[in-house]
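Asks: quick one, fold the following:
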Amino acid sequence: MSWTIILVLIIVGLLFLVLEVLVIPGTTVVGVTGFVLIAVGIWQSYTTFGTPAGHFILIGTIALTLIALWLSLRSKTWKKVMLDTSLDGKVNQIEESAISAGDVGKAVSRLVPMGKALINDEYYEVTSTGEFIDQGTDIRVMKIEKNKIYVKSNT
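Replies: Numbering: from 1, shown residues only. Okay, here's the model as predicted:
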């Protein structure tokens, strides 16, 4: 077996082990395959090139494994690949003076049973009291509980 094949076995096995540690949770086929590829590469180096070369490849593989794990577990490495955004969405915030029970509006989307409605020139996420309400239907606010607006068809 040539140096190239042994080197490819060890590097592919190392890549599989890094994938196992960082990406794929648990002990899976990928990790076991990586370990087997590294073991076969080291074993072939001992049988093909003898004990001294086998020792050098074993020490080199251990060092390469430790360096790869150290590089992949550093926080700077993950800063480059992780998403660094924040959510700026908000929950239905209802001002008590802006809307009250009895107000009328229009369904902007189909309420099945939740959807958007235009009430007092403001858009709100509303919940129907049971029936599905088609888009464009006139609606009436029945009650408001915390952040939920319950509506009913006004027809």
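
Asks: how about the secondary structure of L118?
Replies: strand (DSSP: H, G, I helix; E, B strand; the rest coil).

Asks: counting neighbours, what do you get for it?
Replies: Using other C-beta atoms under 10 Å, L118 has 14 neighbouring residues. Bear in mind the C-beta positions are built from the backbone N, C-alpha and C, glycine included.

Asks: that one and L17, how far apart?
Replies: As judged by C-beta to C-beta, to the nearest Å, L118 and L17 stand 57 Å apart.

Asks: next one: L83
Replies: In terms of C-beta to C-beta, L83 sits 25 Å off from L17.

Asks: who's more crowded, these two?
Replies: With neighbours defined as other C-beta under 10 Å, L83 and L17 compare such that L17 has more, 21 against 5.

Asks: hang on, isn't the more buried one packed against V36?
Replies: No: with contact defined as C-beta atoms under 8 Å, L17 does not count as touching V36 (10.5 Å).

Asks: that's a strand at Y124, yeah?
Replies: Yes: assessed with three-state DSSP, Y124 lies in a strand.

Asks: that one bridge partners, please.
Replies: A117 (DSSP bridges).

Asks: low-confidence stretches in this protein?
Replies: 75, 77-78, 80-81, 89-92 (pLDDT under 70).

Asks: would you map the helices across it?
Replies: Secondary structure of the chain (DSSP state H): helices located at 3-22, 29-49, 51-73, 75-81.

Asks: nearest to E95, out of those helices?
Replies: helix 75-81 (40.0 Å; C-beta to C-beta).

Asks: now the helices of the chain as JSON lines including distance to A107?
Replies: Converted to JSON lines, those look like this (distance: least, C-beta to C-beta, whole Å):
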{"stretch": "helix 3-22", "distance to A107": "48"}
{"stretch": "helix 29-49", "distance to A107": "50"}
{"stretch": "helix 51-73", "distance to A107": "52"}
{"stretch": "helix 75-81", "distance to A107": "43"}
